[in-house]
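**Q** model this:
(2 chains)
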Amino acid sequence: MSDSKDLLRAPFELAYNYKRSSGPVMSKFFEALGQQKILGTKSTAGKVFSPAAEFDPETNEPLKEMVEVGPGGVVESFSWIENPQHHHLIKEPFAFALIKLDGADTSMLHMVGQCKEADLSIGSRVKANWSEIQEQRITDIKFFTIEK
Amino acid sequence: MSSEDTPKDYSESPINLEYFYTAGSATTRFLNQVKEGNIVGQACPKCKAVYVPPRGSCPRCGVATDIEVPLTDKGCIESFTVVHIPIPGNPIVPPYVCAMIRLDGANISFLHLIQEVEIEEIRIGMRIQAVWKPKEEWTHSLENIKWFAPIDEPDVDVATLRFQES
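**A** Have a look, this model is predicted:
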């Protein structure tokens, strides 16, 4: 076996240009994001899922009723990213957080930016900041910031 | 695109995996030769089977293929397929032919393109030879060979290519 430093090594990129079909429920959720609105789906029992769910995971009920939630919410849990990597969308330290939006009963995974680690805690009030360009994607929400 | 009147049937969801590929010692030896325009297979010391491209061991005998075997860039088409469906990001325009190339003296084949011939004329057993890129473009890649093209030699009966235990 030759010395490992003599071995050929090259960067490699494997890429798939997927198009994801959104379906009737998620389409409404993504379309609303393009208009700077966050929707959730509401079950007959009154539980609100946001991001929208197509079915109630407990009752299997198909969910069709859309309700607006947010744009404010509460941090339920977070993970602080002190050293963002090149694939992260925020280049300064930020947090991935589970955010329960006002009016929702479930939480959404997103980012909290423009804050210090010490300023963020479970229970912090945060608010959606919108991207400059709306593309009907979850990244239409640029990140959340702590409500002043 | 207006978000108000355009229904959202799908969204772009590209997936990118970026990593480093480490060739390993057998492939490194092979690709260092390819960079010089040489195709060097590796033979099993037990059953004498010649592997190109070599993976470093003989799957039949489970031993390292540490015998280097220089090969020619001539061989025959062991099998082929006509590709009609374009692959995103692939610059080659369909229809085109991908073939399993069996080089003379080798016991396995590898995949490459067949060009410079009408698709209807391509057949199993056809004699072919590598068409190389200009030397200054050579890298550590079998893409140094642009494609394989037919040569004026009689067809090979591929049944004769079957591995014979020596």
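**Q** going forward, measure contacts between C-alpha atoms and count neighbours the same way
**A** Fine.
**Q** quick one: the helices in the chain?
**A** Let's take chain A. A:23-34 (DSSP state H).
**Q** not what I meant, chain B
**A** Counting by DSSP H, the helices of chain B are B:25-35.
**Q** what ranges of it fall below the confidence cut-off?
**A** For chain B, the stretches with pLDDT under 70 are B:1-9, B:165-166.
**Q** Show me the domain layout of it.
**A** Domain segmentation of chain B under automatic domain parsing yields B:21-71, B:73-160.
**Q** nearest to chain A, of those domains?
**A** Closest to chain A of those is domain B:21-71 (Cα to the nearest Cα; 4.3 Å).
**Q** show me the contacts for A:I38.
**A** Going by Cα atoms under 8 Å, 6 or more residues apart in numbering or on different chains, A:I38 touches A:29, A:32, A:50, A:68-71.
**Q** want to throw the residues you listed into CSV with neighbour count and distance to A:E82?
**A** Formatted as CSV, the contacts of A:I38 follow (neighbours: other Cα atoms under 10 Å in any protein chain shown; distance: Cα to Cα, whole Å):
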residue, neighbour count, distance to A:E82
A:F29, 27, 31
A:A32, 19, 32
A:S50, 28, 27
A:E68, 19, 33
A:V69, 21, 30
A:G70, 20, 27
A:P71, 19, 26
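**Q** May I have the beta-bridge partners of the residue nearest to A:A53 when sequence neighbours are not counted?
**A** Once flanking residues are discounted, A:A53 sits nearest to A:T41: 6.3 Å by Cα to Cα, 6 or more residues apart in numbering or on different chains. Counting by DSSP bridges, A:T41 is bridged to A:F49, A:M66.
**Q** mind checking which of the domains of chain B is nearest A:Y16?
**A** Distance to A:Y16, taken as Cα to Cα, is lowest for domain B:73-160 among the domains of chain B, at 8.8 Å.
**Q** Start and end of that closest one, how far apart?
**A** Domain B:73-160 has its terminal residues 19 Å apart, counting by Cα to Cα, to the nearest Å.
**Q** Compute the inter-axis angle for the lowest-mean-pLDDT helix or strand in chain A and helix B:25-35.
**A** Scoring the helices and strands of chain A by mean pLDDT, DSSP states H and E places strand A:9-21 at the bottom, with a mean of 86. Angle, strand A:9-21 to helix B:25-35, by axes from the mean of the first three to the mean of the last three Cα atoms, to 10 degrees: 100 degrees.
**Q** ok, strand A:9-21: who's next to it in the sheet?
**A** strand B:10-22 (antiparallel).
**Q** Mind listing residues that contact stretch B:22-39?
**A** A:1-2, A:7-10, B:40-41, B:53-56, B:70-73, B:135, B:138-142, B:144.
**Q** Show me which residues of that stretch are buried.
**A** Across stretch B:22-39, burial judged by 16 or more other Cα atoms under 10 Å in any protein chain shown covers B:23-35, B:37, B:39.
**Q** before we move on, back to that, PyMOL command for the buried members of the contacts of stretch B:22-39?
**A** Entered in PyMOL, the line below selects the buried ones among those, by 16+ other Cα under 10 Å:
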select buried, (chain A and resi 7+8) or (chain B and resi 40+41+53+54+55+56+71+73+138+139+140+142+144)
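**Q** Can you flag which of the contacts of stretch B:22-39 belong to strands?
**A** A:9-10, B:40-41, B:70-71 (DSSP state E).
**Q** Report how many residues lie close to B:E137.
**A** When neighbours are defined as other Cα atoms under 10 Å in any protein chain shown, B:E137 has 10 of them.
**Q** Out of the contacts of A:I38, the closest to chain B would be?
**A** A:A32 (8.5 Å).
**Q** Can you tell me the centre-most residue of the chain?
**A** I'll assume chain A. A:H110 (3.3 Å; Cα atoms, centre = their mean).
**Q** meant chain B actually
**A** In chain B, the C-alpha nearest the mean C-alpha coordinate belongs to B:L111, at 3.1 Å (Cα atoms, centre = their mean).
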